[in-house]
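Peer 1: the sequence isn't on hand, but the structure is:
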């Protein structure tokens, strides 16, 4: 039986809004809900255009030329069918759950992953709600690393690392805001670059501007190491509303300025009245084939998200540097001349 992905194209305006109060999940994978959800999409390249100004002249267009920005919704059997032939020895994969109590939902998470028939390298968890009195929360064939929230209820993050992967915990990388949670590791690769993986959680009541500044420092720090980086989590910054919320614009701005892209571009938290894109996987991997998506699941009011990166690209194995270029043609030259003519140069001449 052929595999199908839950995508539909419609012209009608979706009745789902992107604001409103929390309520029970309104998604069950039926056609009507899927039609509505696919109308709500964040276009990373449109947002880059808005930030960069003249897209024709900006090198970002060429730097990201090999990237795709389409994350589909999958039912479990659709996922299992589509990815059953993936060579896990030549790929890197991760999945993220907002658990809203790992003690309560671990069994459901394990059962859900089992239906996918896929061994992820990393399972990331946000909102573990764990503390020092929590029972053992192990998953067979994985090693658990966790960071609980101290002094407050809720929050907490965890990483389950496949026993097939060699790793080092990176305690030197962390969000400094005590109200936010994060944990990072570095996966050791026999060939090619090592991989830094993290999971982060920002509560809704934390100042978004402070979080963005903190996150920017993390990106700046790990960028110096010239490694592949993946940061997943619940950031509580709705990318669907980046044009109207300054803190979300600032978040995207620091991602783009550090050459990172969000891999998820459709709503991840869905209720009967709302649909928001607040869970994501951020990466600086642009020259490798990456497939990302969202899974239908009712474990919590957030849908699981995943990415699978294939290491079949020779430039990764041989560490060949990425080459970017500017698109030069008569139209772009003329646009450049017009930009020069319309800019004010008085301050430059005075200096």
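Peer 2: Yep, it's here. Predicted model, so just to flag it, every value in this text is computed and none were measured.

Peer 1: in the chain, which residue is closest to the centre?
Peer 2: With distances taken as Cα atoms, centre = their mean, the chain has residue 281 as the residue nearest its mean C-alpha position (1.5 Å).

Peer 1: what does the helix or strand that residue falls within rub up against?
Peer 2: In the assignment (DSSP states H and E), residue 281 maps to strand 279-283. Applying Cβ atoms under 8 Å, 6 or more residues apart in numbering, the contact partners of strand 279-283 are 94, 96, 98, 126, 228-235, 239, 255, 260-264, 268-269, 290, 292, 302-303, 305-307, 309. C-betas here are computed from N, CA, C, even on glycine.

Peer 1: and the pLDDT for residue 127?
Peer 2: Per-residue pLDDT puts residue 127 at 97.

Peer 1: wait, doesn't it sit right on residue 99?
Peer 2: Yes. Counting by Cβ atoms under 8 Å, residue 127 touches residue 99, with 5.7 Å between them.

Peer 1: mean confidence for the strand holding residue 281?
Peer 2: The pLDDT scores in strand 279-283 average 97.

Peer 1: what angle sits between the helix or strand following that strand and strand 279-283?
Peer 2: Scanning forward in sequence from strand 279-283 by DSSP H and E, the next helix or strand is strand 290-295. Angle between the axes of strand 290-295 and strand 279-283 is 170 degrees (criterion: axes from the mean of the first three to the mean of the last three Cα atoms, to 10 degrees).

Peer 1: quick one: strands adjacent to strand 290-295?
Peer 2: As defined by DSSP bridges, the strand partners of strand 290-295 come to strand 72-74 (parallel), strand 305-310 (antiparallel).

Peer 1: which of the ones you listed sits closest to residue 221?
Peer 2: strand 305-310 (21.9 Å; Cβ to Cβ).

Peer 1: give me the average confidence score over the closest one.
Peer 2: Strand 305-310 shows a mean pLDDT of 96.

Peer 1: do stretch 225-232 as well
Peer 2: Averaged over stretch 225-232, pLDDT sits at 96.
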